[in-house]
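[1] have a look at this fold, sequence not included:
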């Protein structure tokens, strides 16, 4: 793994170039956005002003408004005239009846006169009584004739009166119409004057608003230019810091690659010498001491290997290069393997290490190598912080759609305020004296568990031990 990290270092220049392009991109985007925004503002303002000018200069609209007002006035005038015509028609309704009666009376008068004449002639030859009757009849005829003449004169007078009334009504109607026309003309003139004044006031207000808008726009653009310049300065500063950080990251990656590559050679030599020392040890007291020395050297080599592996794993995680090769496997063999690997270490410290696993398979999709790394970190921490005489239990059980794996110990425990912080990078507990690592084990374990779609957390109480749990999604076989 160290050689792989070392081989990636020549790509540093290409990464820096890509970083410079990404940092410079926001500045061009900001300039482009500012130009588009100002162009859109100018177009919108020009369109608004053109519309306002059209509304103010559109004489046709003013004519239409005046026509509407004239139509309303004429409608009112028609209603008044209709009422006047109704009153005149009511007065004139009696004239046709009287006019129709007068011809009939006139036609009847000659006939009545003729009959009376014949009656008078028939009575001339009679006795004196007949003369009296004739005289009376003649008097009556004369009286009737006078009454008929009076009636005729009354009809003529009525006709003349009706004509005078019609003439007066027509004159009154003409006067009312002239007054109405004058009133309408006054109203139209008032409306035109009001519209002209309102248009003038609106034009003045629009000019004032335009002036205020121009001033505000100029101020806003000035502030925008200042903000853009400030942002561009920040982008330049950020670019400088980003380039510095990129150089630091590249330097760190190169350093880790070199360290991992150069340290593993001497570690392999030390491990080989320890193995040779263990093989060549005699069967006496000195040989036993040599076995113990060789075992201590091997444990130190393993610790160094784990430290180098943790550093390289963290580097790959932060670079987004963590790869999980998952397959559907039973969890129980993996857990037994992890327990067997640490059984001798637990016995050497006087701590019991046990498994509590179900009899049925625990089929989950996982990367056995990465998951073995998680279990190794948890079991190693449990052994490290559990005093002699304590015990550690590794469990696995179903929890809904997940399998829950836990490692419980009877060690010193963790305060409540540190239960989440222990999964941070380089985090070690201050109240513990076992500072033999880098504080990366739980940080790496969290990355691996979350990459599998699960989560990890700790439950503890100072003096009563700690339990670290993590979940894995159950892998169901498709039907």
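    Yep, it's here. Everything numeric here is computed off the predicted structure, so don't read it as measured data.

[2] and the host helix or strand of residue 243, what does it pack against?
    In the assignment (DSSP states H and E), residue 243 maps to helix 128-280. If you count contacts as 3 or more CB pairs under 8 Å, 6 or more residues apart in numbering; DSSP states H and E, helix 128-280 packs onto helix 2-7, helix 12-57, helix 59-92, helix 94-123, helix 285-318. Where you see a C-beta, it was placed from the backbone N, CA and C, and this is true even at glycine.

[3] averaged pLDDT, the longest one. What do you get?
    To tie it back to what came earlier, the one meant is helix 12-57. Averaging pLDDT along helix 12-57 gives 64.

[4] helix, strand, or coil at residue 377?
    For residue 377, the secondary-structure state derived from DSSP: H, G, I helix; E, B strand; the rest coil is helix.

[5] distance-wise, check it relative to residue 451.
    Note on residue 377: its distance to residue 451, by CB to CB, to the nearest Å, is 15 Å.

[6] same deal with residue 174?
    103 Å.

[7] could you give the mean pLDDT of the helix holding residue 243?
    Mean predicted confidence for helix 128-280 is 78.

[8] quick one, domains of this protein?
    For the chain, the structural domains run 56-210, 327-473, going by automatic domain parsing.

[9] deepest-packed of those, please.
    domain 327-473 (a mean of 17; mean count of other CB atoms under 10 Å).

[10] first-to-last residue distance for it?
    Start and end residues of domain 327-473 are separated by 12 Å (CA to CA, to the nearest Å).

[11] ok, and what's touching the strand or helix carrying residue 333?
    Using DSSP H and E, residue 333 maps to helix 331-349. Contacts to helix 331-349, defined as CB atoms under 8 Å, 6 or more residues apart in numbering, come from residues 299, 352-355, 357-358, 361-364, 366, 368, 371-372, 375-376, 379-380, 383, 386, 388, 392, 394, 396, 403, 405, 472.

[12] just the ones of those residues in strands?
    352-355, 363-364, 366, 392, 394, 396, 403, 405, 472 (DSSP state E).

[13] can you redo these as JSON lines with pLDDT and distance to residue 110?
    Formatted as JSON lines, the ones in strands among the contacts of helix 331-349 follow (pLDDT from 0 to 100; distance: CB to CB, whole Å):
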{"residue": "352", "pLDDT": "96", "distance to residue 110": "158"}
{"residue": "353", "pLDDT": "96", "distance to residue 110": "156"}
{"residue": "354", "pLDDT": "95", "distance to residue 110": "154"}
{"residue": "355", "pLDDT": "94", "distance to residue 110": "151"}
{"residue": "363", "pLDDT": "92", "distance to residue 110": "138"}
{"residue": "364", "pLDDT": "91", "distance to residue 110": "137"}
{"residue": "366", "pLDDT": "92", "distance to residue 110": "139"}
{"residue": "392", "pLDDT": "97", "distance to residue 110": "153"}
{"residue": "394", "pLDDT": "97", "distance to residue 110": "149"}
{"residue": "396", "pLDDT": "95", "distance to residue 110": "143"}
{"residue": "403", "pLDDT": "94", "distance to residue 110": "137"}
{"residue": "405", "pLDDT": "96", "distance to residue 110": "141"}
{"residue": "472", "pLDDT": "94", "distance to residue 110": "136"}
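
[14] so where's the stretch 301-450 of the chain uncertain?
    Scanning the stretch 301-450 of the chain for pLDDT under 70 picks out the ranges 303, 306-307, 309-322, 426-439.

[15] can you rerun that using 80?
    Residues of the stretch 301-450 of the chain meeting the criterion pLDDT under 80: 301-324, 425-440.

[16] which helix or which strand is home to residue 408?
    With DSSP H and E as criterion, residue 408 is part of strand 402-409.

[17] list the neighbouring strands of that strand plus their orientation.
    With DSSP bridges as the test, strand 402-409 is paired with strand 391-399 (antiparallel), strand 466-473 (antiparallel).

[18] so which of these is nearest residue 286?
    Closest approach to residue 286 among those (CB to CB): strand 391-399, 34.4 Å.

[19] tilt between that closest one and helix 331-349?
    Here strand 391-399 runs at an angle of 170 degrees relative to helix 331-349 (axes from the mean of the first three to the mean of the last three CA atoms, to 10 degrees).

[20] would you say residue 463 is within a strand?
    No: assessed with three-state DSSP, residue 463 is coil; it does not lie in a strand.

[21] confidence score at it?
    At residue 463, the predicted lDDT confidence score is 86.

[22] how about it, phi and psi?
    The phi and psi values for residue 463, taken as degrees, to the nearest 10, are phi 90, psi -10.

[23] in three-state terms, label the residue nearest to it when sequence neighbours are not counted for me.
    Computed as CB to CB, 6 or more residues apart in numbering, the closest residue to residue 463 that is not its neighbour in sequence is residue 413, at 5.3 Å. The three-state assignment at residue 413 reads coil, by three-state DSSP.

[24] quick check, residue 413 in contact with residue 466.
    Yes: between residue 413 and residue 466 there is a contact under CB atoms under 8 Å: 5.7 Å.

[25] now the domains of the chain in TSV, with distance to residue 304?
    Compiled in TSV, the domains of the chain are given as follows (distance: least, CB to CB, whole Å):
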stretch	distance to residue 304
domain 56-210	78
domain 327-473	11
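
[26] surely residue 386 touches residue 409?
    Yes: Residue 386 is in contact with residue 409 according to CB under 8 Å; the separation is 4.5 Å.
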